[in-house]
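Q: Sequence and predicted model, in that order:
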There are 2 protein chains.
Amino acid sequence: MGADTRRATIVDVAAAAGVSTTTVSHVLTGRRPVAAATKARVEAVVADLDYRANASARHLRTERSGILALVVPDLTNPFNSAMAAGLHETVLPSGYLAVVGEAPEPGAPLSGVLRQLLDRGIDGMVLGRFGASEADIDSVAASGTALVRLGGPLGSGRGDVVRANEVQGMFDIVDHLVHRGYRRIAFADGPAGSSPGGERQRGYEQALRDAGLPVRDDLVVHTAYTREGGVRAAEALLAGPGPIDAIACCNDLIAVGVLDVLRARRIGVPGDIAVTGYDDIEAAELMSPALTTVLNPAREIGRTSARMLLDRLDHGYTGPDRETILAHRIVARDSA
Amino acid sequence: MGADTRRATIVDVAAAAGVSTTTVSHVLTGRRPVAAATKARVEAVVADLDYRANASARHLRTERSGILALVVPDLTNPFNSAMAAGLHETVLPSGYLAVVGEAPEPGAPLSGVLRQLLDRGIDGMVLGRFGASEADIDSVAASGTALVRLGGPLGSGRGDVVRANEVQGMFDIVDHLVHRGYRRIAFADGPAGSSPGGERQRGYEQALRDAGLPVRDDLVVHTAYTREGGVRAAEALLAGPGPIDAIACCNDLIAVGVLDVLRARRIGVPGDIAVTGYDDIEAAELMSPALTTVLNPAREIGRTSARMLLDRLDHGYTGPDRETILAHRIVARDSA
DNA sequence: GACCGTATCCAAATCGATTTGGGACCGGGT
DNA sequence: ACCCGGTCCCAAATCGATTTGGATACGGTC
């Protein structure tokens, strides 16, 4: 317990190497050329003293904190933690630290977490789905922080966007249902107007239209992106107007809730009603029946977001905002 | 795009309030009394200018970074991400930032992530299970960083410890098996000598002894804490010397692998062989059959770790290292 | 009126780095 | 002998906060 010896500073290194701190700094940052012999001597001393620059001092001067943040609504959602892992592993080698924040209520003007991150002067931020309001996004963009959004429209000056092709993903899995012979396909969507619920609904409707099936409003219900939300959605659909033979769910957690209800009512899956999810969380494979779903490469989304931030921060990219779309994959299992 | 207006500094505040920066600092930190009228004036200006102290400058002077870290081997493990969430939500209100790191190979002397965190001068660290070697722990403790370990022995000067009662937890679930009439109970442990495998094995053996059952070495196999590890463990046990009627697994992922094998071989669970896990990951409830397991309150462990760090950092606790033990709970489902 | 305590406030040093604007030295060309 | 262009290095200013050691003013006491 307790710091036994003070950490070496740049002054110590300079003294031991018989040069000025300026020269040490130049050796370290490489912003100005230094004679090979001097450079070698400084580097030897750095290694010997186990010197590492004080991050706060450096960032005070350079106005860069070296911290990137990921803000999501729920860290325990496996999709989000996989994304966080991808972000971490990509930015660490570049010397950045990644912090993760849970933004409880996206309603508040600039919720606590976001405000605190901005106050810290973070260099970049990845804003997860349903994690922030439009006003929040503007605040972040206005603060000069590099910004990557996961989903939402690509607007000028509002950050890069990384997304999976949500429309196509839901289209593909509903198309999969159609090809398996299902015809009265309901859709358990997320809250009205939410992302990625909107995109996925478009994919659902397009698939029906392309198959020549009617698009009926009463076959679409909106609910929370949770297991409990799935329970409510299933109950609503089963109590609904017409018979259905499949339920496409907006994410896996909703599908879990739907399966809970079907199992409790002894409705066969996929015999009586087929069910599909979206995200391919770990549990999807372990459930009974195993869930047919769409895999969005969460970890890869985290990695890609990180690279887009680093592009702006370290590689000097200053061009217009960009959008990267990652491929999804249908994972056909037993539930449909 | 870009910082439209420079952020206000303490100098701006001082000028606008007609006082010195010293006084502003005293108002903000409260380290010295300030006349009520002056204080009110400064606070008004602070609010007006939307002033927030530059974190780097503050930390340069105070030698505190305001950053806490959680290091775990695998972020996508739900147990770890739930812990991370508990840590985050507890430290944020105190103005700390929590970062999460994945330490890939605990073998390396001071693996990259740990080194980088220490270089940053983090104030405190929570070291997850199997996340670091003994040497790592010593390095962290020697650096003067407040330390909380999750598991492992309570040693002097090596940080506080937060743990669930692993011995008791495994004892209870094996006892549960005994009461259900199972007699030849195997144990699929983690790697030999690992934590919490060691503690859980002790609980397993104690439960057998208390029930008057023999403790047989050939009924214990060591494997990785993964689904794949569970597959190997099950194959080894089924090919083993004697017949078994139950497999207690060291964690849920191992149990998932074990169930994979049993399902493939059409061995009934729990009819032919009962299976138990440990951790109660989300998938435990969703599997078929639903997994009987032990719930370690991951989020609460994160919260408690955070509080122990804050005790030392903000509340001036300087007493001896402490250990907090959290209660577990048996979650009886269908697999045993 | 001199002295002392309190209550307030401020000037300047400090934390550890980066960066700017030269200065010193060395050869080579005229 | 002088100048010029490189090369290599350094002194000092700077980032934005905290903290130390007074300075000033005001009352009250003897």
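A: On my side now, so go ahead.
Q: What does the pLDDT read for A:His176?
A: pLDDT for A:His176: 97.
Q: For it, the count of nearby residues, please.
A: Other residues near A:His176 come to 19 when the count uses other Cβ atoms under 10 Å in any protein chain shown. All C-beta spots, glycine's among them, are computed from the backbone N, C-alpha and C.
Q: One more: A:Asp311?
A: A count of nearby residues for A:Asp311, using other Cβ under 10 Å, gives 17.
Q: so who does it touch?
A: Residues near A:Asp311 by Cβ atoms under 8 Å, 6 or more residues apart in numbering or on different chains: A:Tyr317.
Q: what do you get for A:Gln168?
A: By Cβ under 8 Å, 6+ apart, A:Gln168 lies in contact with A:Gly203, A:His328.
Q: Tell me how far it lies from A:Ile330.
A: Distance, A:Gln168 to A:Ile330, by Cβ to Cβ, to the nearest Å: 11 Å.
Q: Could you measure from A:Ala55 over to B:Val113?
A: To B:Val113, A:Ala55 is 15 Å away according to Cβ to Cβ.
Q: Quickly list what A:Ala274 is bridged to.
A: When assigned by DSSP bridges, A:Ala274 has beta-bridge partners A:Ala246.
Q: Do I have it right that it meets A:Ala336?
A: Yes: between A:Ala274 and A:Ala336 there is a contact under Cβ atoms under 8 Å: 3.8 Å.
Q: who touches both of the two?
A: A:Leu177, A:Arg180, A:Tyr182, A:Ala246, A:Thr292.
Q: And these, which two are furthest apart?
A: Pairwise distances across these peak at 11.5 Å for A:Tyr182 and A:Thr292 (criterion: Cβ to Cβ).
Q: Looking only at neighbour counts, state which of the two leads.
A: Counting neighbours by other Cβ under 10 Å for A:Tyr182 and for A:Thr292 shows that A:Thr292 has the greater number, 25 against 21.
Q: Next up, the contacts around that one.
A: Going by Cβ under 8 Å, 6+ apart, A:Thr292 touches A:173, A:176, A:274-277, A:330-336.
Q: Which members of those residues occur in strands, if any?
A: Applying DSSP state E to the contacts of A:Thr292, the entries found in strands are A:Ala274, A:Val275, A:Thr276, A:Ile330, A:Val331.
Q: near DNA strand D, from those residues?
A: Among these, no residue sits close to DNA strand D (Cβ under 7 Å from any atom of the strand).
Q: just curious, which of the residues you listed is nearest to chain B?
A: A:Val275 (12.9 Å; Cβ to the nearest Cβ).
Q: From DNA strand D, how far out is the closest one?
A: The spacing between A:Val275 and DNA strand D, counted by Cβ to the nearest atom of the strand, to the nearest Å, is 54 Å.
Q: okay, now the residue lying closest to that residue once chain neighbours are set aside: neighbour count?
A: Nearest residue to A:Val275, sequence neighbours excluded (Cβ to Cβ, 6 or more residues apart in numbering or on different chains): A:Ser335, at 4.7 Å. By other Cβ under 10 Å, 25 other residues sit near A:Ser335.
Q: Touching, A:Ser335 and A:Ile273? I think so.
A: No: using Cβ under 8 Å, A:Ser335 is not in contact with A:Ile273; the gap is 9.5 Å.
Q: surely A:Met170 meets A:Glu205?
A: No: in this structure A:Met170 lies outside contact range of A:Glu205 using Cβ under 8 Å: 9.2 Å.
Q: between these two, who's got more neighbours?
A: The neighbour comparison of A:Met170 against A:Glu205 (other Cβ under 10 Å) goes to A:Met170, with 30 against 18.
Q: What residues sit buried inside the helix or strand where the more buried one lies?
A: Using DSSP states H and E, A:Met170 maps to helix A:166-179. By neighbour count on 16 or more other Cβ atoms under 10 Å in any protein chain shown, the buried set for helix A:166-179 is A:166-178.
Q: For A:Leu295, which residues are in contact?
A: By Cβ under 8 Å, 6+ apart, A:Leu295 lies in contact with A:Asp279, A:Asp280, A:His328, A:Arg329, A:Ile330, A:Val331.
Q: Now do the same contact list for A:Leu286.
A: B:Val256, B:Ala283, B:Leu286, B:Met287.
Q: can you rerun that using 6 Å?
A: B:Val256, B:Ala283, B:Met287 (Cβ atoms under 6 Å, 6 or more residues apart in numbering or on different chains).
Q: and if you look at A:Leu326?
A: A:Ala164, A:Pro297.
Q: at 10 Å what do you get?
A: Counting by Cβ atoms under 10 Å, 6 or more residues apart in numbering or on different chains, A:Leu326 makes contact with A:Val162, A:Arg163, A:Ala164, A:Asn165, A:Asn296, A:Pro297, A:Ala298, A:Glu300, A:Ile301, A:Arg303, A:Thr304.
Q: where does the last one land in three-state SS?
A: A:Thr304 carries the three-state label helix when classified by DSSP: H, G, I helix; E, B strand; the rest coil.
Q: Does it touch A:Asn296 like I think?
A: No: look at A:Thr304 against A:Asn296 with Cβ atoms under 10 Å: they stay out of range, at 11.8 Å.
Q: related to what we said a few turns ago, give me the buried subset of the contacts of A:Thr292.
A: Using 16+ other Cβ under 10 Å as the burial test, the contacts of A:Thr292 include A:Ile173, A:His176, A:Ala274, A:Val275, A:Thr276, A:Gly277, A:Val331, A:Arg333, A:Ser335, A:Ala336 as buried.
Q: Of the residues you listed, which pair is most distant in space?
A: Using Cβ to Cβ, the buried ones among the contacts of A:Thr292 span at most 14.4 Å, a distance reached by A:Ala274 and A:Val331.
Q: quick one: what helix or strand has A:Val140 in it?
A: Counting by DSSP H and E, A:Val140 is part of helix A:134-142.
Q: just A:Val221 next, same as before
A: Using DSSP H and E, A:Val221 maps to strand A:220-222.
Q: For the helix or strand following that strand, which residues meet the burial criterion?
A: Moving toward the C-terminus from strand A:220-222, the next helix or strand (DSSP H and E) is helix A:227-238. Of all the residues in helix A:227-238, those buried under the rule 16+ other Cβ under 10 Å are A:Arg227, A:Gly229, A:Gly230, A:Val231, A:Arg232, A:Ala233, A:Ala234, A:Glu235, A:Leu237, A:Leu238.
Q: And for helix A:227-238, what's in contact with it?
A: Among residues not part of helix A:227-238, those counted as contacts by Cβ under 10 Å, 6+ apart are A:186-191, A:218-224, A:226, A:244, A:247, A:249-262, A:264-265, A:267, A:273, A:275, A:277, B:282, B:285-286.
Q: which of those count as buried?
A: Neighbour counting over the contacts of helix A:227-238 (16+ other Cβ under 10 Å) leaves A:186-190, A:219-224, A:226, A:244, A:247, A:249-262, A:273, A:275, A:277, B:282, B:285-286 as the buried ones.
Q: looking at the sheet around the residue nearest to A:Ala84 when sequence neighbours are not counted, what are its partners?
A: Excluding its sequence neighbours, the residue lying closest to A:Ala84 (Cβ to Cβ, 6+ apart) is A:Val100, at 5.0 Å. Beta bridges link A:Val100 to A:Leu70 when assigned by DSSP bridges.
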